[in-house]
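Undergrad: Predicted model follows, preceded by the sequence.
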Amino acid sequence: MAIAQMLGLQYPMYALISAVIVTDLSAARTRQLALPRLVGTVLGAALGAVVGPFLTPGAWAGALCVLGAMFLSHLLRLKDAAKVAGYVSGIVVLNHGDHPWVYAFHRVSETILGIALAVVVSLVPKLLRADEPNPDERRA
């Protein structure tokens, strides 16, 4: 959130939320899923911005958009993008105001920051990993 605030992003909380959503218990899996989840972010934001103006913001509109984004991810064989696509599309359709594409752009920016930070955090175990013991040392 501090980085998002320093960058002057509209809602820094979304950067934090997206970092949590894209982080996997496996650091390698977090890195592996970064690109699909980035694609899901763009897909969800675009879908929310396209259909948002035609829907009255509310629970049904949010649910419809989340379902639509997840279904579209499935059709495009982007299984690993579905969760974040639904999340971003739901946020955009619920809160777009009069400028859905501007709002979607801000959500994409914040989510990209969250994904990037999740990847950086996933590198920490690699940086801290101790060297494997020499096979000869194990016998002693």
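TA: Arrived safely.
Undergrad: For this protein, which segments are assigned as helices?
TA: Under the criterion DSSP state H, the chain contains helices at 2-6, 12-22, 27-51, 59-75, 82-95, 100-128, 135-139.
Undergrad: Next, the angle from the second one to helix 27-51.
TA: Note on geometry: by axes from the mean of the first three to the mean of the last three CA atoms, to 10 degrees, helix 12-22 and helix 27-51 are set 130 degrees apart in direction.
Undergrad: Just the mean pLDDT for helix 12-22, thanks.
TA: In this model, helix 12-22 carries a mean pLDDT of 86.
Undergrad: Pull the residues that contact it.
TA: 1-5, 9, 30, 33-34, 37, 41, 83-84, 87, 91, 107, 110-111, 113-115, 117-118, 121 (CB atoms under 8 Å, 6 or more residues apart in numbering). The way it works is simple: take the backbone N, C-alpha and C, and place the C-beta from them, glycine included.
Undergrad: that older thread, looking at the helices of the chain, which is buried most?
TA: Highest mean neighbour count of those: helix 82-95, a mean of 26 (counted as mean count of other CB atoms under 10 Å).
Undergrad: Other residues contacting that helix?
TA: Against helix 82-95 from outside (CB under 8 Å, 6+ apart): 14, 17-18, 21-22, 37, 40-41, 43-45, 47-49, 51-52, 55, 57-58, 61-70, 72-74, 78, 100, 103-104, 107-108, 111.
Undergrad: switch the cut-off to 6 Å
TA: With CB atoms under 6 Å, 6 or more residues apart in numbering as the test, helix 82-95 has contacts from 37, 40-41, 43-45, 47-49, 52, 57, 61-62, 65-66, 69-70, 73, 104, 107, 111.
Undergrad: Least confident secondary structure element in this protein?
TA: helix 135-139 (a mean of 55; mean pLDDT, DSSP states H and E).
Undergrad: where's Ile115 relative to Leu72, distance?
TA: Per CB to CB, to the nearest Å, Ile115 is found 19 Å from Leu72.
Undergrad: Run a quick neighbour tally on Thr56.
TA: Look at Thr56: counted by other CB atoms under 10 Å, it has 8 neighbours.
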